[in-house]
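K.L.:
Below is the structure, and that's it, no one-letter string:
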Ligand code: HEM
């Protein structure tokens with residue numbers, strides 16, 4: 001994707017520019033353009049990233065300038081304090097004791113950049129850790145216990161089946177029924193998702209990476225892992241009648257003080273599935289708490305912040321490696337295509353305008 005060193009992805013932008021924020025776009029763009037190498041590859045039988053972009057457009061219409069999925073969002077900034085315990089599993093610099101800067105984005109699943117917030121929409125959190133001039137780690141997580149697809153084809157078929165039928169406000173029940181009959185893994189995963197009621201807001205959501213990765217330690221030993229960010233606070237209730245209610249509540253909460261999540265790494269036991277994000281691992285697996293994320297700033301999407309970052313799950317530092325879960329390479333390719341399309345389109349204001357949120 002880019003030229004990699006012992007420390008991971010390199011660009012020519014200084015660490016200071018990242019901390020100042022002004023250089024973030026330049027820094028991340030340099031990396032994201034490198035991701036275009038993925039843009040034309042096959043991501044499933046007969047499917048390229050362009051197939052997915054056409055699918056998003058069929059379902060959500062044109063959304064110029066916005067992400068083709070998770071289109072509605074808000075940018076956050078903060079830091080990650082590593083307690084050093086992660087070094088037992090990974091030599092990644094992010095797990096050495098100390099603090100690194102983080103830029104991120106909260107989002108709702110779906111390609112409508114002006115959708116009304118609903119409690120049931122999957123909530124996303126993308127995070128970029130570290131320094132574009134030395135190493136970076138990016139992850140995009142959801143508030144779900146498992147992902148609902150285990151293949152790019154499943155994701156694509158579900159996307160098309162979920163298209164709202166005009167005048168009804170709902171997908172075609174027959175299309176969804178046929179999809180679920182053809183994808184029993186999604187039916188099973190959706191049943192697990194339904195068991196957990198959504199929490200009040202973004203601030204009290206548990207975010208999970210869901211795909212398995214390998215952590216690689218100093219000796220080269222590899223452990224299959226999944227990661228979870230556990231909220232350390234509650235969340236205020238959404239105000240009735242506010243179509244941006246979840247985001248507005250988050251803006252007020254961050255204004256009131258830092259929000260924190262503890263990062264916990266779950267280690268697979270031999271035989272646990274590492275290629276299928278619809279399958280949970282048993283609850284008794286070993287966990288290691290590796291540090292704490294603190295978010296202190298919240299901003300409207302705009303040039304110079306995480307609006308222009310591609311939270312590609314394969315932007316990994318030395319010490320973290322992809323598993324052979326087929327979703328990972330598909331995500332990387334489709335995110336790059338979405339990124340390339342949206343950065344070439346005219347921009348219009350995001351739905352979530354932080355300055356306009358009333359106290
Ligand atoms: C084949 C499966 C998937 C496809 C095709 C897909 C597609 C996409 C696309 C096109 C974007 C917008 C990228 C951009 O313009 O920057 C996106 C964003 C996102 N996806 Fe996925 N996705 C998939 C699976 C997943 C999974 C498994 C997760 C969680 C574990 C996830 C979480 C997210 C999040 C949180 C964002 C928003 C990140 C941001 O704020 O930029 N996605 N996805």
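P.N.:
Sure, I can see it. Computed from a predicted model, the values in this text were never measured in an experiment.

K.L.:
Kindly state the pLDDT recorded for residue 321?
P.N.:
pLDDT for residue 321: 98.

K.L.:
Spatially nearest residue to it, not counting backbone neighbours?
P.N.:
Distances taken as C-beta to C-beta, 6 or more residues apart in numbering put residue 214 closest to residue 321, at 4.4 Å, once the chain neighbours are dropped. In this view, the C-beta of every residue, glycine as well, is placed from N, C-alpha and C.

K.L.:
And for residue 226?
P.N.:
residue 266 (5.1 Å).

K.L.:
What lies in contact with the host helix or strand of the one you found?
P.N.:
Using DSSP states H and E, residue 266 maps to strand 259-267. With C-beta atoms under 8 Å, 6 or more residues apart in numbering as the contact definition, strand 259-267 has outside contacts at 80, 86, 89, 203, 207, 215, 223-233, 253, 281, 285-295.

K.L.:
measure residue 322 to residue 284 for me?
P.N.:
Distance check for residue 322 against residue 284: by C-beta to C-beta, to the nearest Å, it reads 26 Å.

K.L.:
Tell me which of these two has more neighbours.
P.N.:
Between residue 322 and residue 284, counted using other C-beta atoms under 10 Å, the more crowded position is residue 322 (15 against 7).

K.L.:
which residues does that one contact?
P.N.:
213-214, 313-314, 316, 328-329.

K.L.:
closest to the ligand among those residues?
P.N.:
Closest approach to the ligand among the contacts of residue 322 (C-beta to the nearest ligand atom): residue 313, at 7.3 Å.

K.L.:
May I have the secondary structure class of that closest one?
P.N.:
With DSSP: H, G, I helix; E, B strand; the rest coil as the basis, the three-state label of residue 313 is coil.

K.L.:
From residue 176, how far out is residue 183?
P.N.:
Remark: distance between residue 183 and residue 176 (C-beta to C-beta) = 10 Å.

K.L.:
what does residue 73 give?
P.N.:
Separation of residue 73 from residue 176 (C-beta to C-beta): 26 Å.

K.L.:
Name the residues of the stretch 151-300 of the chain found near the ligand, please.
P.N.:
Counting by C-beta under 6 Å from any ligand atom, the residues of the stretch 151-300 of the chain lying close to the ligand are 152, 155, 209-211, 277.

K.L.:
mind redoing it with 8 Å?
P.N.:
151-152, 154-156, 159, 208-211, 277 (C-beta under 8 Å from any ligand atom).

K.L.:
and if you look at the stretch 1-150 of the chain?
P.N.:
Residues of the stretch 1-150 of the chain found near the ligand (C-beta under 8 Å from any ligand atom) are 43, 52-53, 56, 67-71, 73, 104-107, 109, 122, 124-126, 140-142, 144, 147, 149.

K.L.:
hmm, 6 Å instead?
P.N.:
Residues of the stretch 1-150 of the chain lying near the ligand by C-beta under 6 Å from any ligand atom: 52, 67-70, 73, 105, 107, 124, 126, 140-142, 147.
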